[in-house]
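Participant: 3D model of this:
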Amino acid sequence: MGLWSWLFGNGASDEEKDSETGGGESQASDASGGEEKKAATTEQPELADRLAVGPLLDHTATTVLVDDHPDFLRSLVMLRLPDEPSRIFAYPEKALEWLRANAPPHPLTRKWQELDLERQPRKWPEALAALRAYANDPKRFAVVSTLLSDYDMPRMNGMQLCQQAPAHIVKIMQSGMVFSDGIEQAIKAGIIRQFVPKGSGEGKLEKALAEAREVYFRQVGQPLAEALASQLAREQSALFTSGFAVWLWEHMERLAAAEMYLWDSVGSHVVVQKEGTAHALCVQNPQQAAKVVQDARSEHVPQTLRQELLDRKKMVCRVTAAGVEIPPPREWKRHAYPAVSVEGEHGTFLCCHVPKVDVLAPDRLSLHAYTEQEQL
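Facilitator: The predicted model follows:
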């Protein structure tokens, strides 16, 4: 995911981001994995701000591009967004018609509403199960996360389009004209997220699109994030630990993850590469790790493995479609992985990478297959 390298210091400085957003701050975490910043256009509830990680899910999604010079957009997609699903419109009114018919709120947003998660946060296990199930949704790449619109167009300008487009979509404005009137006010009013001049260098458009998608999925996962923050003690979950966020993001970047999904409340994630290979990034809280140490004296545990577990050089976990569990000691040899200790304010968490997990549907549509279908 391009977003992860950007989060780790390869993107714009805070001052550059402020200038691009008219003084608004980015929602992405800083490179140290510290507290998340609030966006200019979206107020973040206090509880969910305590989570150190970013969105609880993220994957490639569809970007709608609108410009009365469609050749410009086609070249932009070819050069800058070759692997991103997109829809191109030369007429803003046609784009608006399509968005209203094809860009409803995210299916998980509707699920959170069905569960009434805001008023019943104790239903978070059902919400998390729905998130895991969504990882197999064949329509997930068709979800519209971002609208990129030119400003100067006949009959309807870009600002009017962004005002009338569905509110849950993140909007970016482009223009070849040099002007600032109304842009800062539009950002503060939440009409657009960011303004990027046409021809901006240094990957500014790519960074803006990556941030827009991150903002979109943070908004989608917000109700579940709030529920977890209100229901879990800080020592129960690594989601509140900045060191774990750094470890998680580094591994996502290393794996070139195209998708990621929270898999359990402790903070384990399943990440998926473009061709469909799934990996698990697992974490155990201090209580789980202590239980493993206690059970390590079982006669079923080989002596070498026992010592590695006592020294916390390895951890045991089994990843299933229903979450992450600690198997019985007689199975530990098959489910032991090199571990890294991450210090949190409320104890030490153990983290490991479980390669090539078989937890997703066998006929699941990968990003690679989806992209090939779209190109036919």
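Participant: Tell me which residue lies farthest from the centre of the protein.
Facilitator: Relative to the centre of the chain, the most outlying C-alpha is that of residue 299, 42.2 Å out, by CA atoms, centre = their mean.
Participant: which residues in the stretch 251-376 of the chain form strands?
Facilitator: Counting by DSSP state E, counting those that start in this stretch, the stretch 251-376 of the chain forms strands over residues 257-262, 269-273, 278-284, 314-316, 318-320, 323-325, 336-338, 340-344, 347-354, given from the N-terminal end onward.
Participant: quick one: which of the ones you listed is nearest residue 83?
Facilitator: Ranking the strands of the stretch 251-376 of the chain by distance to residue 83, with CB to CB as the measure, places strand 257-262 first at 8.4 Å. Bear in mind the C-beta positions are built from the backbone N, C-alpha and C, glycine included.
Participant: So which elements touch the closest one?
Facilitator: Using 3 or more CB pairs under 8 Å, 6 or more residues apart in numbering; DSSP states H and E as the contact criterion, the neighbours of strand 257-262 among helices and strands are strand 57-59, helix 124-134, strand 269-273.
Participant: That strand pairs with which strands?
Facilitator: strand 57-59 (antiparallel), strand 269-273 (antiparallel) (DSSP bridges).
Participant: and residue 221, which of those is closest to it?
Facilitator: When the strands paired with strand 257-262 are compared by CB to CB, strand 57-59 sits nearest residue 221, at 5.7 Å.
Participant: Toward the C-terminus, what is the element adjacent to that closest one?
Facilitator: Going down the chain from strand 57-59, the next helix or strand is strand 62-66, by DSSP states H and E.
Participant: as a whole number, average confidence for that following strand?
Facilitator: When the per-residue pLDDT values of strand 62-66 are averaged, the result is 95.
Participant: One more: stretch 107-119?
Facilitator: Per-region confidence: stretch 107-119 scores 97 on mean pLDDT.
Participant: Quick one, grab the pLDDT at residue 137.
Facilitator: 96.
Participant: quick one on the thing from earlier: a markdown table for the strands of the stretch 251-376 of the chain, including distance to residue 108?
Facilitator: Written out in a markdown table, the entries for these read as follows (distance: least, CB to CB, whole Å):
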| stretch | distance to residue 108 |
| --- | --- |
| strand 257-262 | 11 |
| strand 269-273 | 15 |
| strand 278-284 | 19 |
| strand 314-316 | 30 |
| strand 318-320 | 21 |
| strand 323-325 | 17 |
| strand 336-338 | 29 |
| strand 340-344 | 27 |
| strand 347-354 | 24 |
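Participant: What ranges in this protein fall below the confidence cut-off?
Facilitator: Counting by pLDDT under 70, the chain contains low-confidence residues at 1-50, 79-80, 178-181, 201-202, 375-376.
Participant: And stretch 351-362, what's buried?
Facilitator: 351-354, 357, 359-360 (16 or more other CB atoms under 10 Å).
Participant: and what of stretch 335-351?
Facilitator: Going through stretch 335-351 with 16+ other CB under 10 Å, the ones that come out buried are 335-337, 339-340, 342, 344, 347-351.
Participant: Looking at the helices and strands packed on strand 257-262, which is nearest to residue 223?
Facilitator: From the helices and strands packed on strand 257-262, taking CB to CB, the stretch that ends up closest is helix 124-134, at 7.4 Å.
Participant: What angle do strand 257-262 and the closest one make with each other?
Facilitator: Taking axes from the mean of the first three to the mean of the last three CA atoms, to 10 degrees, helix 124-134 and strand 257-262 form an angle of 160 degrees between their directions.
Participant: buried residues in helix 124-134?
Facilitator: Buried residues in helix 124-134 (16+ other CB under 10 Å): 124, 127-128, 130-132, 134.
Participant: where does the residue most central in space within the chain sit relative to residue 143, distance-wise?
Facilitator: What sits nearest the mean C-alpha location of the chain, by CA atoms, centre = their mean, is residue 58, with 3.0 Å. Residue 58 sits 11 Å away from residue 143, taking CB to CB, to the nearest Å as the criterion.
Participant: before we move on, what about residue 136?
Facilitator: In terms of CB to CB, residue 136 sits 14 Å off from residue 143.
Participant: out of the two, which sits in the busier spot?
Facilitator: For residue 136 versus residue 143, the count of surrounding residues by other CB atoms under 10 Å is larger for residue 143: 22 against 16.
Participant: okay, now residue 286: neighbour count?
Facilitator: Using other CB under 10 Å, the number of residues around residue 286 comes to 15.
Participant: My read is that it contacts residue 343, right?
Facilitator: No - using CB atoms under 8 Å, residue 286 is not in contact with residue 343, being 10.6 Å away.
Participant: which neighbours do the two share?
Facilitator: Residues touching both residue 286 and residue 343 by CB atoms under 8 Å, 6 or more residues apart in numbering: residue 349.
Participant: and residue 126, what is it in contact with?
Facilitator: When contacts are counted by CB under 8 Å, 6+ apart, residue 126 is found next to residue 115.
Participant: now it: how far from residue 292?
Facilitator: 28 Å.
Participant: go on, residue 87?
Facilitator: Taking CB to CB as the measure, residue 87 and residue 292 are separated by 49 Å.
Participant: where's residue 344 relative to residue 317, distance?
Facilitator: Distance check for residue 344 against residue 317: by CB to CB, it reads 18 Å.
Participant: Same check on residue 348?
Facilitator: Counting by CB to CB, the separation of residue 348 from residue 317 is 16 Å.
Participant: Check residue 138 too.
Facilitator: 28 Å.
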